[in-house]
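>>> no letters, just coordinates:
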């Protein structure tokens, strides 16, 4: 879609998010989210998104802070967070490479891209490169099958990929 | 039909902007609807015969009619943009091309059922698409097409975007409702249906993006006009998302009842590299696979059902002669095993077992009884044995792959290397449980 336009994720270290307090900016965004729903609990998914955008992942400390704010138990929040695949429970690399591995992409040779990625980055699915730049994950259908093969990097879709195109994208991101 | 209806703005410059949308006639249907009574709007949509484009094919007007009129509770409209069915990418296209068409549809639908709040539930991966919708909502508000007093007619509506976070099952309407409420997306037992007890325990209608995009056209030109397009029981045009082994994959609009062959050989440019069609999945991955000889089936709800599959979401996955069907089924089953919410054992366990069995068949470690076991799973986890249709969604593929391409499975098993069952690496033990009467 848009080569080398993807911004890196801001990823907080484990120490930084061991305990969390919402500042006034976060607080005012939470207030706005709450206006959309008749009860506080419904704000859980958007507030988790807000936190992940801010810190890059959802730590236990973040879940506790969200729980205090929305009157939900940390255990309940953990149950919700673990249900959805997009909330990161460990700090990812700056670029989260999400490779669609479902049928339509596989028919368009995603496997070759995967082999190439694993070789180039020296990591397997679920791993992060040592310098913390790339995390590689396999995901289920991204809903862009007409432009297969597709990889989502952070928020952007990269479509109709070939090994050459993918290399250019990664070179661009690594050089940013 | 003289041209595209839902995709009329594709290729038009700045198609997403409000000014372009209005130039093409947008929001005149909303003006018209607000001059009608809600009951008249519902009636018009009933006359159109428009059936749900998300997969189930339930008539939208009838669904709206289920919302109780005599309740003091607030009512909610939800636009389902969770588009996660493998092979389906039409709602994304509609949002990318014409977000205001979707908003106008939501607004008319909300007016019809008496909702003052609507949510667009959009899958978490669609970050840019959510931004596009947010921009369109802001634009519409500024022009009094949303907000407290729409077009000065005294009707008010707020549309909020609610992003999912990665869960196929949230496309199921009751799971979606749970997810809006901030919970794990686990489907609810029905009844009660959402029209009576939906989000926040209030009457709720959930409609797919494409269904809602049809609504402005139905109101503008009349239900009877819409009903004339397509077939008698599948009215209007449909967006077909074609992926896999065709020259030009993509989203194409055609009247309901257009044969799959015409779609594949026409706008899609035929099979990629001149290869031969082997099989196609007509309606998203949950629809049973059909062999090449069914390619002349008309693409409408009834004809596809008669051919042994379902029109579903209109996601057409095309496979050429090179595809190993054991491999293809394994890929689909991995998806369902991953996406099963875990509430119902037949689905949670059955999908996992099915992956194990098909995987070992593909790896040359299949056993003679594996096909029968797969068939038992397909019977055991479908047809009402689970809370939601995810059970059926993976059982249909199992049964249809075996029906049409069983010989590939048998061949793989017959070629299997003779290893003792004890040496098998992947859990054949689990599928021996007495649960299956073995």
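Okay, I see it. Here the structure is a predicted model, which is why all the values come from computation and not from measurement.
>>> quick one, helices of the stretch 201-350 of chain B?
B:209-221, B:223-228, B:260-265, B:301-306, B:325-339, B:345-362 (DSSP state H, counting those that start in this stretch).
>>> same thing with chain A?
Listed in chain order, the helices of chain A (DSSP state H) span A:24-34, A:44-55, A:60-70, A:74-83, A:103-107, A:110-121, A:163-175.
>>> quick one: those as JSON lines, columns for mean neighbour count and distance to chain B too.
C-betas here are computed from N, CA, C, even on glycine. Supplementary listing: the helices of chain A in JSON lines, determined by neighbours: other C-beta atoms under 10 Å in any protein chain shown; distance: least, C-beta to the nearest C-beta, whole Å:
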{"stretch": "helix A:24-34", "mean neighbour count": "14", "distance to chain B": "9"}
{"stretch": "helix A:44-55", "mean neighbour count": "21", "distance to chain B": "3"}
{"stretch": "helix A:60-70", "mean neighbour count": "20", "distance to chain B": "8"}
{"stretch": "helix A:74-83", "mean neighbour count": "18", "distance to chain B": "4"}
{"stretch": "helix A:103-107", "mean neighbour count": "27", "distance to chain B": "4"}
{"stretch": "helix A:110-121", "mean neighbour count": "16", "distance to chain B": "10"}
{"stretch": "helix A:163-175", "mean neighbour count": "15", "distance to chain B": "16"}
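>>> export these as TSV, with columns for mean pLDDT.
Shown next, in TSV, are the helices of chain A (pLDDT from 0 to 100):
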stretch	mean pLDDT
helix A:24-34	98
helix A:44-55	98
helix A:60-70	97
helix A:74-83	97
helix A:103-107	96
helix A:110-121	96
helix A:163-175	95
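>>> residue A:173: which of the helices of the stretch 201-350 of chain B is closest?
helix B:325-339 (27.2 Å; C-beta to C-beta).
>>> is that closest one positioned near chain A?
Yes. Helix B:325-339 comes into contact with chain A (C-beta under 8 Å from any C-beta of the partner chain), by way of B:328, B:331, B:332, B:335, B:338, B:339.
>>> contacting residues around the first one?
With contacts taken as C-beta atoms under 8 Å, 6 or more residues apart in numbering or on different chains, residue B:328 has the following neighbours: A:103, B:289, B:319, B:401.
>>> could you measure from it over to residue B:373?
19 Å (C-beta to C-beta, to the nearest Å).
>>> hang on, the earlier thing: adding pLDDT, write the residues of helix B:325-339 next to chain A out as a markdown table.
As requested, the residues of helix B:325-339 next to chain A are exported to a markdown table (pLDDT from 0 to 100):
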| residue | pLDDT |
| --- | --- |
| B:328 | 97 |
| B:331 | 96 |
| B:332 | 97 |
| B:335 | 96 |
| B:338 | 95 |
| B:339 | 96 |
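>>> same for the longest strand along chain B, what does it pack against?
For chain B, the longest strand by residue count, based on DSSP state E, is strand B:237-244. Counting contacts by 3 or more C-beta pairs under 8 Å, 6 or more residues apart in numbering or on different chains; DSSP states H and E, strand B:237-244 is packed against helix A:103-107, helix B:90-97, strand B:250-255, helix B:260-265, strand B:315-320.
>>> and those as TSV, adding distance to residue B:125?
Shown next, in TSV, are the helices and strands packed on strand B:237-244 (distance: least, C-beta to C-beta, whole Å):
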stretch	distance to residue B:125
helix A:103-107	13
helix B:90-97	10
strand B:250-255	17
helix B:260-265	26
strand B:315-320	16
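>>> these two touch, right, residue B:248 and residue B:269?
Yes. Under the criterion of C-beta atoms under 8 Å, residue B:248 makes contact with residue B:269 at 4.4 Å.
>>> now for the helices of chain A, which one comes closest to residue B:109?
Taking these one by one with C-beta to C-beta, helix A:44-55 is closest: 23.1 Å.
>>> circling back to that earlier point, tell me which of the helices of the stretch 201-350 of chain B sits most buried.
helix B:209-221 (a mean of 26; mean count of other C-beta atoms under 10 Å in any protein chain shown).
>>> what's the closest non-adjacent residue to the residue of chain A most remote from its centre?
Distance to the chain centre peaks in chain A at residue A:38, reaching 28.2 Å (criterion: C-alpha atoms, centre = their mean). Leaving out its chain neighbours, the residue that sits closest to residue A:38 by C-beta to C-beta, 6 or more residues apart in numbering or on different chains is residue B:200, at 5.4 Å.
>>> is the lengthiest helix in chain B positioned near chain A?
Longest helix of chain B, by residue count under DSSP H: helix B:390-414. No. Using C-beta under 8 Å from any C-beta, helix B:390-414 stays clear of chain A, coming no nearer than 10.1 Å.
>>> chain center to that helix, what's the gap?
22 Å (C-alpha atoms, centre = their mean, to the nearest Å).
>>> that one - contacts with which helices or strands?
strand B:277-281, strand B:290-291, helix B:325-339, helix B:345-362, helix B:370-380.
>>> possible to save the contacts of residue B:328 as CSV with distance to residue A:117?
What follows is the contacts of residue B:328, written out as CSV (distance: C-beta to C-beta, whole Å):
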residue, distance to residue A:117
A:103, 19
B:289, 30
B:319, 25
B:401, 29
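>>> rewinding a little: what's the closest of the helices and strands packed on strand B:237-244 to residue B:184?
Using C-beta to C-beta, those put helix B:90-97 closest to residue B:184, at 23.3 Å.
>>> for the closest one, packing partners?
Taking 3+ C-beta pairs under 8 Å, 6+ apart as the contact cut, helix B:90-97 packs with helix B:99-113, helix B:127-142, helix B:209-221, strand B:237-244.
>>> can I get these in TSV with mean pLDDT?
Listed next are the helices and strands packed on helix B:90-97 as TSV, based on pLDDT from 0 to 100:
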stretch	mean pLDDT
helix B:99-113	98
helix B:127-142	98
helix B:209-221	98
strand B:237-244	98
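>>> how about these in CSV, adding distance to residue B:65?
As requested, those are arranged in CSV below (distance: least, C-beta to C-beta, whole Å):
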stretch, distance to residue B:65
helix B:99-113, 9
helix B:127-142, 27
helix B:209-221, 14
strand B:237-244, 23
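>>> select, out of the ones you listed, the one closest to residue A:28.
helix B:127-142 (17.5 Å).
>>> now for the closest one, which elements pack on it?
For helix B:127-142, the packing partners by 3+ C-beta pairs under 8 Å, 6+ apart are strand A:156-158, helix B:18-23, helix B:90-97, helix B:99-113, strand B:117-122, strand B:158-163.
>>> deepest of the ones you listed, which one?
helix B:99-113 (a mean of 27).
>>> can you report how many residues lie near residue 154?
I'll assume chain A. 16 (other C-beta atoms under 10 Å in any protein chain shown).
>>> switch to chain B, that's the one I care about
So residue B:154, with other C-beta under 10 Å, has 9 neighbours.
>>> does it count as helix, strand or coil?
coil (DSSP: H, G, I helix; E, B strand; the rest coil).
>>> next one: phi and psi at it?
Here the main-chain torsion angles of residue B:154 (degrees, to the nearest 10) amount to phi 90, psi 0.
>>> next, find the distance separating it from residue B:140.
17 Å.
>>> go on, residue A:144?
Residue A:144 is 26 Å from residue B:140, by C-beta to C-beta.
>>> check residue B:416 too.
Taken as C-beta to C-beta, the span from residue B:416 to residue B:140 is 60 Å.
>>> so between those two, which is more surrounded?
A side-by-side neighbour count of residue B:416 and residue B:140, using other C-beta under 10 Å, places residue B:140 first with 24 against 17.
>>> contacts only, for the closest residue to that one other than its chain neighbours.
Distance criterion C-beta to C-beta, 6+ apart; nearest residue to residue B:140, sequence neighbours excluded, is residue B:146 at 4.4 Å. Residue B:146 makes contacts with B:103, B:107, B:137, B:140, B:157, B:158, B:159, as judged by C-beta under 8 Å, 6+ apart.
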